[in-house]
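Colleague: next one to model:
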Amino acid sequence: MESGKPEHLALQESGGGLPAEVVVVEPTGAETLLVTRLAGIECKAVFRERHRLEPGERIGLQPQLDQVHLFTAYKPPHKVSGVLGAEHRHEMVQAACASEEGLFASAIELEQGFSFTIDTVRYLRANHPAGADNLELYFITSAEYVDPNNPHNLLTWMDARELFSLVKFVVTPRGGTDVAGTQAWVDSLGLTDVAMVEDVPPLHVTSGVVKRALAGGQSVDAMLPARVAELIRARGYYR
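Modeller: Predicted coordinates for the structure are as follows:
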């Protein structure tokens, strides 16, 4: 999940991004402050340059993901067996984030006993030092959770409609899906206004691939950050 302030949004000149409607335009010196309506809620954006925009105009907003928090799930609600303990999983998340600038391992769900995304989002909005009015949250997930055939797609998540009003989704293609296919899934679920598809290089390493390699006695050094691979070997996980 990524947290941001109004200056962490960029204007998409050629379309794309999260669709928003301009409500108020306030030129302030060299900057432009916008109040927009995004997925039915008010959203502020600050641009470091002047833009000629009018109330009622439709624009695309692109989140600048310069600070990303990885949340270790206390008890993953969609997995009922074969799940490593939360403390052990969080230790690996910390190891993965240790040398990555802008990437943070969060233990909020472990500390608070949360298992559902909506609980974490509510907690962040209530306790973030920036304050709820100055906070924009973006939830990064993969295409599988906008697949209409997935019984665990976003529409089935706990208090989904409230969640859609509190956080925007950034969806990345995965496996055999591409940007166009992922966007078609987003549209078919009726999530066009709350989810944007971000084109990123495909990742061919999944947790399942790693677990199968470990169970078969194969090396995972090329699949994982060095610190995580060392930790798995030292702890004997997934053997």
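
Colleague: what's around Arg37, how many residues?
Modeller: Neighbourhood size, Arg37 [other Cβ atoms under 10 Å]: 14. Yep, even glycine has a C-beta here, placed from its N, CA and C like the rest.

Colleague: how about it, nearest residue that isn't a chain neighbour?
Modeller: Glu21 (4.6 Å; Cβ to Cβ, 6 or more residues apart in numbering).

Colleague: name the helix or strand for that neighbour, please.
Modeller: strand 18-28 (DSSP states H and E).

Colleague: same for that strand, what does it pack against?
Modeller: strand 31-38, strand 58-63 (3 or more Cβ pairs under 8 Å, 6 or more residues apart in numbering; DSSP states H and E).

Colleague: packing partners for the first one?
Modeller: Under the contact definition 3+ Cβ pairs under 8 Å, 6+ apart, strand 31-38 sits against strand 18-28, strand 41-47, strand 58-63.

Colleague: just how off-centre is that strand within its chain?
Modeller: For strand 31-38, the separation from the chain centroid amounts to 22 Å (computed by Cα atoms, centre = their mean, to the nearest Å).

Colleague: check the shortest one too.
Modeller: Using Cα atoms, centre = their mean, the mean C-alpha position of strand 58-63 is found 17 Å from that of the whole chain.

Colleague: ok, Ala73 - contacts?
Modeller: Ala86, Arg89, Glu109, Ser115 (Cβ atoms under 8 Å, 6 or more residues apart in numbering).

Colleague: and the next helix or strand past the lowest-mean-pLDDT helix or strand in the chain?
Modeller: Each helix and strand of the chain was given a mean pLDDT (mean pLDDT, DSSP states H and E); the minimum falls on strand 2-4 at a mean of 52. Once the chain leaves strand 2-4, the next helix or strand it forms, by DSSP H and E, is strand 9-12.

Colleague: give the rounded mean pLDDT of that following strand.
Modeller: What strand 9-12 shows for mean pLDDT is 74.

Colleague: what's it packed up against?
Modeller: strand 41-47, strand 58-63.

Colleague: so for the longest one, what's the average pLDDT?
Modeller: Pointing back at strand 41-47 there. So the average pLDDT for strand 41-47 ends up being 76.

Colleague: and the contacts of it?
Modeller: Taking Cβ under 8 Å, 6+ apart as the rule, strand 41-47 contacts 6-7, 9-11, 20, 23, 31-37, 61, 134, 136, 165.
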